[in-house]
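Engineer: Pasting the sequence and the predicted model now:
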Amino acid sequence: MSNIKSMISSALVALAIVACSKDDNNSSYSGKNHAYITSQGTTTLSVGEEKQIEAKIGLSAAVNDATTIKLKAIDAKGNTSDLLTFTPNPVTIAKGAREVSFTIALSAAAQSIESEQQLKVTIESSGNLEPNTDLSVSVKPAAALVELTEAQKALVKAYQAKGMNILPFLGKVKVKTMVTLNSTEDLLVKYKNQFPKTYDGYTVITLSEKATADQPVLKMTSNPMGLTDFFQFLMRKETIENDDVWYGENAGPNYTTVMKLISWTKTSTETFGVTLDGIELNGNRINYVHELDKSAKDDADTKYKAVPFQFTYTAWDRLLKLAKAGDADALGIYQADGTSNPAYYLNIDDITKDEYQKGAWKAPTSSIDYTKKTMQFEFSTYAEGLDDYINVKVEYTAE
């Protein structure tokens, strides 16, 4: 199967190169000119954060004359959405050029949303110009801040007396995260030119219920380590956007079954979330790697050490509900390849030792500076089907 996928992938790449070569060598190209919309960094916009997405339109051929392109956002049902604004809009691609940049931001209408919205940024077809690859954008309501109890406030004050002022790290804290892909497997190799990729955003941090008088413990309740957007991207590429495996004549029966069973598609409206507990502060060091098990793969006896991210996903909620109700199809899939459980695919291998011996692994490190109000983490993670680690470098700057 692996050889077949490699042959198919190579053939597609070769065809793409030939097509691009035709475009490059023929400035008077008169066929369909395809538009590809891409971005740098995060593709998630959250209410209450002053953040924009830097994006660009790339064409398969240079335009013969200055060309105006109208941008629009569409929701999961294919309807035009007013939650995003584009600057500029329309955009103009200069004569002889094949790309143009623009920014995406939330509109005033987005301020009142109560649940996550999945949108596509696309263009309006005009003449020989038509969309090929749209940009997926997640729009999220404002992250809920967690109020400290009186007992927790007393703990925070006690830590401060010991020289560990964690108060600046509670609430919404600015985070900058760099992710590097290293795998050469077909699943992600087509996206490697987008990485290393930097994600700028915020994490909501509170005092964990695991905290004691002697041990400060933090919990990240929203966008932990700045990785929610990346993990959501990775989950979709592992499953419903894995075009080489989940669709067509090579698709396994589980994939077709699960998508039909829970109405899970590329365009179904889903909510994806991540949290992280157990961030133990010890002076200027941080212990955040803990023992996990592979119960998501029906293998609870197998233990490994990693950052203990916890994932939520509405597509998984639906499948798990059916499995608990005794549905035969759900029971056959929920702990197997094809499940919609993110824990089956993401963060699934030990990061305290190099399991793959290909040079990407880095021992997890961390530090906290109470004077400069910074926290830093550097670690690896692993996902299903890869042949090497993903590297993550995180820096928090409190105000």
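Structural biologist: Ah, there it is. Numbering: from 1, shown residues only.
Engineer: For the rest of this, base every contact and every neighbour count on C-alpha atoms.
Structural biologist: OK.
Engineer: Helices along the chain, start to end?
Structural biologist: 2-25, 150-161, 186-189, 228-238, 243-246, 253-262, 314-324, 328-333, 342-345 (DSSP state H).
Engineer: To Lys362, which of those helices lies closest?
Structural biologist: helix 228-238 (19.2 Å; CA to CA).
Engineer: buried sites along that closest one?
Structural biologist: Along helix 228-238, these residues count as buried under the neighbour rule (16 or more other CA atoms under 10 Å): Thr228, Asp229, Phe230, Phe231, Gln232, Leu234, Met235, Glu238.
Engineer: before we move on, back to that, got CSV for the helices of the chain, with mean pLDDT too?
Structural biologist: Output for the helices of the chain, formatted as CSV (pLDDT from 0 to 100):
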stretch, mean pLDDT
helix 2-25, 40
helix 150-161, 94
helix 186-189, 78
helix 228-238, 95
helix 243-246, 89
helix 253-262, 96
helix 314-324, 97
helix 328-333, 96
helix 342-345, 97
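Engineer: And the contacts of stretch 53-67?
Structural biologist: If you take CA atoms under 8 Å, 6 or more residues apart in numbering as the criterion, stretch 53-67 is touched by 20, 23-24, 27-29, 33-43, 45, 92-105.
Engineer: Give the buried subset of those as a ChimeraX selection command.
Structural biologist: Remark: buried members of those, expressed as a ChimeraX selection using 16+ other CA under 10 Å:
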select :23,29,33,34,35,36,37,38,39,41,42,43,45,92,93,94,97,98,99,100,101,102,104,105
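Engineer: Which of the contacts of stretch 53-67 fall within strands?
Structural biologist: 33-40, 45, 92-93, 99-105 (DSSP state E).
Engineer: Need the max-distance pair from the buried residues of helix 228-238.
Structural biologist: Checking these with CA to CA, the most distant pair is Thr228 and Glu238, at 15.2 Å.
Engineer: Next, the contact list for the residue nearest the centre of the chain, please.
Structural biologist: By CA atoms, centre = their mean, the chain has its centre lying nearest to Phe230, at 2.2 Å. Contact analysis of Phe230 by CA under 8 Å, 6+ apart lists Thr42.
Engineer: now swap in Ser208 and tell me
Structural biologist: Contacts of Ser208 by CA under 8 Å, 6+ apart are Val217, Leu218, Lys219, Asp277, Gly278.
Engineer: and the two most separated of the residues you listed?
Structural biologist: Val217 and Asp277 (7.9 Å).
Engineer: picking up where we left off before, just put the contacts of Ser208 in JSON lines and tack on pLDDT.
Structural biologist: Shown next, in JSON lines, are these (pLDDT from 0 to 100):
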{"residue": "Val217", "pLDDT": "98"}
{"residue": "Leu218", "pLDDT": "98"}
{"residue": "Lys219", "pLDDT": "98"}
{"residue": "Asp277", "pLDDT": "98"}
{"residue": "Gly278", "pLDDT": "98"}
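Engineer: mind checking how far Asp354 is from Arg98?
Structural biologist: 43 Å (CA to CA, to the nearest Å).
Engineer: Asn284 too?
Structural biologist: Distance from Asn284 to Arg98, by CA to CA: 50 Å.
Engineer: what's the neighbour count on Lys77?
Structural biologist: Lys77 has 11 neighbouring residues, counting by other CA atoms under 10 Å.
Engineer: Excluding chain neighbours, what is closest to it?
Structural biologist: Thr267 (7.7 Å; CA to CA, 6 or more residues apart in numbering).
Engineer: per-residue confidence for the one you found?
Structural biologist: Per-residue confidence (pLDDT) for Thr267: 85.
Engineer: Over to Leu129?
Structural biologist: Looking at Leu129, the pLDDT reads 86.
Engineer: Run a quick neighbour tally on it.
Structural biologist: Leu129 has 20 nearby residues by other CA under 10 Å.
Engineer: how about the nearest residue to it once chain neighbours are set aside, what does it touch?
Structural biologist: Spatial nearest neighbour of Leu129, excluding adjacent residues (CA to CA, 6+ apart): Asn33 at 4.8 Å. Residues near Asn33 by CA under 8 Å, 6+ apart: Leu59, Ser60, Ala61, Asn128, Leu129, Glu130.
Engineer: and the closest residue to the last one other than its chain neighbours, what is it in contact with?
Structural biologist: Nearest residue to Glu130 in three dimensions, chain neighbours excluded: His34, at 5.3 Å (CA to CA, 6+ apart). By CA under 8 Å, 6+ apart, the residues touching His34 are Leu59, Ser60, Ala61, Leu129, Glu130, Pro131, Asn132.
Engineer: Tell me the buried residues within these.
Structural biologist: Here, 16+ other CA under 10 Å leaves Leu59, Ser60, Ala61, Leu129, Glu130, Pro131 buried among those.
Engineer: Quickly check these for the two that are furthest apart.
Structural biologist: Most distant of the buried ones among the contacts of His34, by CA to CA, are Ala61 and Pro131, 12.9 Å apart.
Engineer: Please flag which of the buried ones among the contacts of His34 sit within strands.
Structural biologist: Of the positions in those, Leu59, Leu129, Glu130, Pro131 sit in strands, assigned by DSSP E.
Engineer: CSV for the residues you listed, including distance to Asp337?
Structural biologist: Putting those into CSV (distance: CA to CA, whole Å) gives the following:
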residue, distance to Asp337
Leu59, 36
Leu129, 39
Glu130, 36
Pro131, 33
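Engineer: so which of those residues comes closest to Tyr370?
Structural biologist: For those, the nearest to Tyr370 is Leu59 (48.5 Å; CA to CA).
Engineer: List the beta-bridge partners for the closest one.
Structural biologist: Ala35 (DSSP bridges).
Engineer: With Val179 instead?
Structural biologist: In beta-bridge terms (that is, DSSP bridges), Val179 pairs with Lys197, Val392.
Engineer: dump the residue contacts of it.
Structural biologist: So Val179 contacts Phe195, Pro196, Lys197, Thr198, Ile390, Asn391, Val392, Lys393 (CA under 8 Å, 6+ apart).
Engineer: Could you export these as JSON lines, including pLDDT and neighbour count?
Structural biologist: Listed next are the contacts of Val179 as JSON lines, based on pLDDT from 0 to 100; neighbours: other CA atoms under 10 Å:
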{"residue": "Phe195", "pLDDT": "90", "neighbour count": "14"}
{"residue": "Pro196", "pLDDT": "92", "neighbour count": "14"}
{"residue": "Lys197", "pLDDT": "92", "neighbour count": "18"}
{"residue": "Thr198", "pLDDT": "93", "neighbour count": "20"}
{"residue": "Ile390", "pLDDT": "96", "neighbour count": "20"}
{"residue": "Asn391", "pLDDT": "97", "neighbour count": "20"}
{"residue": "Val392", "pLDDT": "98", "neighbour count": "23"}
{"residue": "Lys393", "pLDDT": "98", "neighbour count": "20"}
